[in-house]
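S.K.: mind looking at a prediction? Sequence and model below.
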Amino acid sequence: MTSGDKIRCDACPVMCYIAPGQTGACDRYANVEGRILRSDPVLLLSRTAERGGRIIPFASAGWKDTLAPVDAIITGIGAGTTYPDFKPAPFIVSSVVAGADMVTVVTEAIFSYCGVKVKIDTDRHLGPEGAIVRAEGQAIGHVTTAEYGSQMLSLGGVHHLTGGEKAEGRTTCASLLALCNGAAVPLEIEGGCSVIVQAGRPPVVDGRAEVRMRVGCGSATIGMFAAGWQGLVDEVVVVDDHITGVVSEHQAGRVIGWPPTGIRIKGHRSTPGRYFRVSEPGLGWGGTRLTDPLDILGPWNPAKGARAGLRLLMVSTTGEDFAYYVLDAALTPQPAPLPEALRATVDLIAENCETSLCTVLFMGGAGGSLRAGVTRNPVRLTRSVQAGETRLTSGGAECYIWPGGGITFMVDVTRLPPRAFGYVPTPALVAPLEFTLPRAAYLALGGHAAAIRALDEVQASGGEYVTSARLWPKEVE
Ligand code: SF4
């Protein structure tokens, strides 16, 4: 369809008129000599393998001898979109894998219902559960649960993308796109911290790069290292915002015969040697507000073992914070240099900590109209995916499919090649999808039989807009 020299792109509801030599609003489609072309190359696994590019195992079971199958699978990256899906998907490609006739349907799906789940490896208190997360001042998500050594954020979702003001939707879309394509995104958490999130990189909390993910909670740390402390020190307190551990009282200490010390902890005792809420959450020791760990100790009890000369180690769950004390005649802890033998135990905690990282999982619902580009009977595709007959991948990366209704999937964005995600200004994200299944099953679920083409033919004539196939990465270098 044209308007003057312009051509209308109908790959999304924006329906841009694109002037010659220009791209549409999303930069994904261009008017090249009077034809609409997808502006990114289609990604072929075999070409990437030939050039020594990064390959991620795809449908890993069954391909044993080569990095990529000889009959290389095409990915959805750069494939184009057939919104609103009244026509077959851009590429429906036949191939032979391990002697089996297979079909792979690829498309770039438009997701208004999508977001990212972010896991930030840190004990530092980023903000209260439920707190609004902002980017450039706009609300784009919220803080969810604290997991074991990590804080989770939920960003995006249809309400932020389309349910608020335009600026909120635009900022949410831009933030999701940046996160999915591996860029660093500064976030502000109401009532909490600023944090820079980048998939596969350490988080930066209030300007400080996080280094270590905790070895475990305070109780777990006691369990792991109690035997190593025995004979070197009389008491160990592992300071942690969630569970602070005390070795002399803890089950691990009891089992190995650790004597009582008369220590008192200001906190809520859960079970012996395990204390909740010794402090408010914060950026101090073990995710507490503590800068002086002695603040959590009450008076020592001589009737239960406290004595002058008693040696005390206090340490955080990452080993980043530690202090050594000896009780004086008044049973007051006095700071003292850390003995070398004990330093080795602190170093062991640090050694057992993993590197703090941010993990970004894209989550979207692929159970909508895009299914019509795969089959004339969409619910059969849903059932086939749920039954494990059809394998869903995103840019060649394995997806986790949520049980229950629909095709709701999650994918680790670091498993996709660079720039795999796009957007349209509705606003919505665009993500590559591939549905791979046996040819017979594809036909049985009402697949577009007439649109099935061999890979060679696709390379020769391209996809929906009958372009010359543009093969990765020739045209982008
Ligand atoms: S925003 Fe992009 S996909 Fe949508 S009509 Fe414009 S050029 Fe086409």
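M.R.: All right, it came through fine. Computed from a predicted model, the values in this text were never measured in an experiment.

S.K.: quick one, phi psi at the residue nearest to Met314 when sequence neighbours are not counted?
M.R.: The shortest distance from Met314 to any non-neighbouring residue, by CB to CB, 6 or more residues apart in numbering, is to Pro293 (4.3 Å). C-beta here means a position set from N, CA and C on the backbone, and glycine is covered the same way. Phi and psi for Pro293, reported as degrees, to the nearest 10, are phi -70, psi -20.

S.K.: wait, Glu102 touches Thr436, no?
M.R.: Not quite, residue 102 is Met, not Glu. Yes - at 6.0 Å, Met102 and Thr436 qualify as touching, with contact defined as CB atoms under 8 Å.

S.K.: ok, which stretches of the stretch 51-200 of the chain are strands?
M.R.: Per DSSP state E, counting those that start in this stretch, the stretch 51-200 of the chain has strands spanning 91-97, 100-111, 114-121, 132-135, 138-147, 150-156, 185-189, 194-197. These are given in chain order.

S.K.: name the helices or strands packed onto the fifth one?
M.R.: Spelled out, it's strand 138-147. Judged by 3 or more CB pairs under 8 Å, 6 or more residues apart in numbering; DSSP states H and E, strand 138-147 is in contact with strand 132-135, strand 150-156, helix 158-162, helix 166-180.

S.K.: what sits up against it?
M.R.: The list of residues contacting strand 138-147 from outside it, by CB atoms under 8 Å, 6 or more residues apart in numbering, reads 115, 119, 126-134, 151-157, 160, 164, 167-168, 171-172, 175-176, 187, 189, 192, 242.

S.K.: of those, just the buried ones, PyMOL syntax please.
M.R.: Here is the PyMOL command that selects only those of those that count as buried (16 or more other CB atoms under 10 Å):
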select buried, resi 115+119+126+127+131+132+133+134+151+152+153+154+155+156+157+160+168+171+172+175+176+187+189+192+242
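
S.K.: shaky segments in the stretch 351-477 of the chain?
M.R.: Within the stretch 351-477 of the chain, the stretches with pLDDT under 70 are 461-477.

S.K.: ok, the residue lying closest to Tyr324 once chain neighbours are set aside - contacts?
M.R.: If the residues on either side of it in the chain are set aside, Tyr324 comes closest to Leu338, at 4.3 Å by CB to CB, 6+ apart. Applying CB under 8 Å, 6+ apart to Leu338 gives the contacts Leu313, Phe322, Ala323, Tyr324, Val346.

S.K.: and those residues, which are buried?
M.R.: Among the contacts of Leu338, those buried by neighbour count (16+ other CB under 10 Å) are Leu313, Phe322, Ala323, Tyr324, Val346.

S.K.: which secondary structure elements does the host helix or strand of the fourth one sit against?
M.R.: Using DSSP states H and E, Tyr324 falls within strand 322-327. Under the contact criterion of 3+ CB pairs under 8 Å, 6+ apart, strand 322-327 touches strand 311-316, strand 333-335.

S.K.: just the buried residues of stretch 298-311, please?
M.R.: In terms of neighbour count (16+ other CB under 10 Å), stretch 298-311 has its buried residues at Trp300, Gly305, Ala306, Leu310, Arg311.

S.K.: ignore what I typed, I meant stretch 18-36.
M.R.: Residues of stretch 18-36 classed as buried under the neighbour-count rule (16+ other CB under 10 Å) are Ile18, Thr23, Gly24, Ala25, Cys26, Arg28, Tyr29, Ala30, Asn31, Val32, Ile36.

S.K.: cool, stretch 361-380 as well?
M.R.: Along stretch 361-380, the positions that meet the burial threshold by neighbour count (16+ other CB under 10 Å) are 361-368, 370-375, 378, 380.

S.K.: next one: phi and psi at the residue of the stretch 51-200 of the chain found nearest the ligand?
M.R.: Going by CB to the nearest ligand atom, the ligand is nearest to Thr81 of the stretch 51-200 of the chain, at 6.3 Å. Backbone torsions for Thr81, taken as degrees, to the nearest 10, come to phi -130, psi 150.
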